[in-house]
Structures are given as C-alpha cells and as structure tokens.
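*Asks:* I would like to see how this sequence folds:
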Amino acid sequence: MRSRDAALDGIRAFAALGVWLLHVGSNTGVMYREGMFPWMMSRLGIAVPIFFLLSGLLLYRPWARAVIEDTPRPRPLRYLWRRVLRVMPVYWLVTGLALWAWSSFDWTGWAKWMLLLQNFFPGDPVPDGLYQMWTLPIEMSFYVLLPVLAWALHRWARGGNRPVRLLAGIAVLPAISVATVIAARELAQPQLALLLPYHLVFFACGMAMAVLSVWIGHSRVIDSLAPQLLVLAALLYALLSTGLAGPRTLTLPTLSQSLWRISLETAVAVLVVAPFALASHPGSLRDRVLGNPVCAYLGRISYSFFLWHAPVITLQLKIMGAQPFQGDFASVAVVSFVVTMLLSVGSYHLVEVSALKLSRHRSAPVPPPAAPAPLPAAPAP
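*Replies:* Prediction:
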C-alpha cells in the first residue's frame, strides 16, 4: 500500500508541474506559437482530469470497501471536517493575499472567493493570480456530494453481486457529464463547464477504479500491460493535442470538439493512473520513477504548489513589466518554479501539516476507560 500511494503522489506531482508549465507557456505566449510542442503544452490541462480522477479513487475507496467487504463506512461529518481542513486553510492564505494585492472587491466579492463560490458567479471578474482556482469549487462540490452518492450506491448494491452493481451505478455519472457538455454547447451556456456535472466523468472513473482496487486487488493483466497502457496514453495525448479537441485559445469549441476532448482526457487519465492504482509493482521502472522519495514528496506539497504558482507568475510578470503573452519563457519558468517551491514547502509544513494534525486529533476515537485494577487478594489466614 505504501509504494502504491507513493506512486500516486508522484502522479500528482507531475500533474501539478503540468499545470505550472501550462500557465508559464500561456502567460509568455509560447503556447500560442506554431508547432507541435506549443499544441502539446496547451493540453497540459489534462492534469485537472487526473486530479479529479485521483480524488474519486482515493476518497471513494473506503466506501467501496465498506460495501464489498462489510467494513464500517466512513462517518460523513468526520470525512467532511477532514476535507475542509485539508483544503481550506492554505487556500484562504493564498487567496486572501491575492485578493488583498490585486482585487478591488467589497465584502461580497471576498465572501464568494473565500467560500469557494466564485464558479457560481461566472460574470464576476477573476482577480489576477487566481485564474487556476476554478477547479477547487468543483472539487469541493464533489466532496460534499460524495457521502450522498456513496449512500445511494450502498443501497443500490445490496443484494446480488455487489461490485458489479456498484460499477453499474457509477456508470450513470458519465452520462450526466455527456448531457451537461451537450447542454453547454447546444444551449450556449459555457458557464456549465465550471460546475461539477460537467466533470463527473473523471470522478466516476476514479470511483470505478476504487471499486476494482478493492474487488480484484492487484491485476496481473494490467501489470503485464502497464508499459503498453502508458504508451497508449502518450499517443492519445498527442491526438488530444490537435484541433480535433478544440482550439488552444479561449474560443469556445464546437459540440464535436468538446465531446472529443472530454473523451480523450478521460482515456488519458485512466490509462495513466490505472497501472499504479490497480497494478502497483514496487520493483517496476514505472513505480521507481514515480514512487521515489523525491517525486512522492513533490506530490505531498503539490496542492500548495498548485495554489501558489499562479500568484507567483503574476507577481513576476508585473515586476518585469512584461506585456501580455510576451514574457521571457526561460526566466519566468526558472524564477517562478524556485519561488513557488519555497513557498509550497513552507505552507505545506506550517499550514497543511498543522491542519492535518488538527483533523486527526479531532477525529480520533476516544479510547474506552481502562478497567479498574483488581483488588489485592486477602492475605491467607
């Protein structure tokens, strides 16, 4: 279990680095140049579906185990409390600093952003340095919905083959995503892309993977095919990096392009994560690369890295006086990486770890009172 978690942390680390590189490329204009490399850089947003899939996998797994193995189910209030402490403290720190520095919001604007409500007000301006935060309201919406989904799936799976029924129930969620994509394009409602239903397919794939990881454990088939799966992921990523999946700019894609994009992103995310979630092999090259201590540590601080990188890039470009899309790629990449890493290490150990300790302290079960010591035996007469 430890090696598998380390490799998944490594995936999270590379996903966070992908988001950072995407924003360095977009802010310096490199992403919009001609050639295959800029196109492939423009699709590094694949990191977001990978993040969503990992959330579905890791958070739903205890509920899947409860259904399949009859273990105790997680307590919803304890689970939600841990999620709040995991996400919000460092988010408040980074967002509060950016709002103070670069926004002119009144208290209502501050409240929207500090409570992760910004996606529900798509007409409001996005402050500088916070353009990456659109993913967090979607994550939090899933966190809140998951206990309800888990309860419904638990009831549905009772009787019959439980793992199969769980997978059948989870299969409804991708259909919701497809329907939302169609509605967003056909009804000209692009703001639907900022809401959870649009992205449910990624979380659902993670939930299905959680069921499989409990049901079948280590899959020898996936283990033997892991190199081919990762190569296929790379090939599909190359296909994703074409006009088939829509433009590189903020121009809205067509319905066909949107469906191609969400399908290819889902396939790439599943193919990347499955060899580690369903066929962890500590001795394999793939696990040694992603599960080594450096990658695992970068994965642990990846949330702070994700939060800090955009404000750091924004501040650097403002100090440089760079025009939009005209900054120097190399200098922005090097400086923003170093500064973001330093801030991430600090906020991880000072904020994230402290909050996690608090959540463990608050959620730790109270030990039963010790039995009274037996009275000493009466001396023999």
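*Asks:* so which helix or strand takes in the nearest residue to L130 once chain neighbours are set aside?
*Replies:* Closest residue to L130 apart from its sequence neighbours, by CB to CB, 6 or more residues apart in numbering: A98 at 5.2 Å. The C-beta positions use only the backbone N, C-alpha and C, and glycine is treated the same way. Per DSSP states H and E: A98 is located in helix 76-102.
*Asks:* distance check, the nearest residue to L97 once chain neighbours are set aside against L130.
*Replies:* Counting by CB to CB, 6+ apart, the nearest residue to L97 once its immediate chain neighbours are dropped is P311, at 7.0 Å. Applying CB to CB, to the nearest Å, the value for P311 to L130 is 7 Å.
*Asks:* overlap in contacts of those two?
*Replies:* By CB atoms under 8 Å, 6 or more residues apart in numbering, P311 and L130 have these common neighbours: A98.
*Asks:* and the two? Which one has more around it.
*Replies:* Looking at P311 and L130 with other CB atoms under 10 Å, you find the greater number of neighbours at P311, namely 25 against 20.
*Asks:* now the more buried one: phi and psi?
*Replies:* Taking degrees, to the nearest 10, you get phi -60, psi -40 for the backbone angles of P311.
*Asks:* so who does it touch?
*Replies:* Counting by CB under 8 Å, 6+ apart, P311 has contacts V94, L97, A98, A101, G129, L130.
*Asks:* where does the chain dip in pLDDT?
*Replies:* 1-4, 361-381 (pLDDT under 70).
*Asks:* swap the cut-off to 50 and go again
*Replies:* The chain contains residues with pLDDT under 50 at 1-4, 364-381.
*Asks:* what residues are up against L153?
*Replies:* W63, V67, L166, G169, I170.
*Asks:* which one of these has the most neighbours?
*Replies:* L166 (27 neighbours).
*Asks:* report the next helix or strand after the helix or strand in which it is found in sequence order.
*Replies:* Per DSSP H and E, L166 falls inside helix 162-170. Using DSSP H and E, the helix or strand that follows helix 162-170 in sequence is helix 172-186.
*Asks:* so what does that following helix touch, helix or strand wise?
*Replies:* Helix 172-186 makes packing contacts with helix 196-215, helix 255-277 when contacts are defined by 3 or more CB pairs under 8 Å, 6 or more residues apart in numbering; DSSP states H and E.
*Asks:* hey, which of those is tucked in deepest?
*Replies:* helix 196-215 (a mean of 24; mean count of other CB atoms under 10 Å).
*Asks:* can you list the buried residues in the following helix or strand past that one?
*Replies:* Counting by DSSP H and E, the next helix or strand C-terminal to helix 196-215 is helix 220-240. By neighbour count on 16 or more other CB atoms under 10 Å, the buried set for helix 220-240 is I222, A226, L229, L230, A233, L236, Y237, L240.
*Asks:* can you list those in TSV and add distance to D5?
*Replies:* Converted to TSV, the buried residues of helix 220-240 look like this (distance: CB to CB, whole Å):
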residue	distance to D5
I222	17
A226	17
L229	20
L230	19
A233	21
L236	26
Y237	25
L240	28
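*Asks:* can you tell me how far the residue nearest to Q118 when sequence neighbours are not counted is from R65?
*Replies:* Of all residues not flanking Q118 in the chain, K112 sits nearest, at 5.3 Å (CB to CB, 6+ apart). From K112 across to R65, the span is 37 Å (CB to CB).
*Asks:* cool, and F105?
*Replies:* Counting by CB to CB - F105 and R65 are separated by 43 Å.
*Asks:* who's more crowded, those two?
*Replies:* Between F105 and R65, counted using other CB under 10 Å, the more crowded position is R65 (19 against 15).
*Asks:* was I right about the more buried one contacting V214?
*Replies:* Yes - using CB atoms under 8 Å, R65 is in contact with V214, at 4.9 Å.
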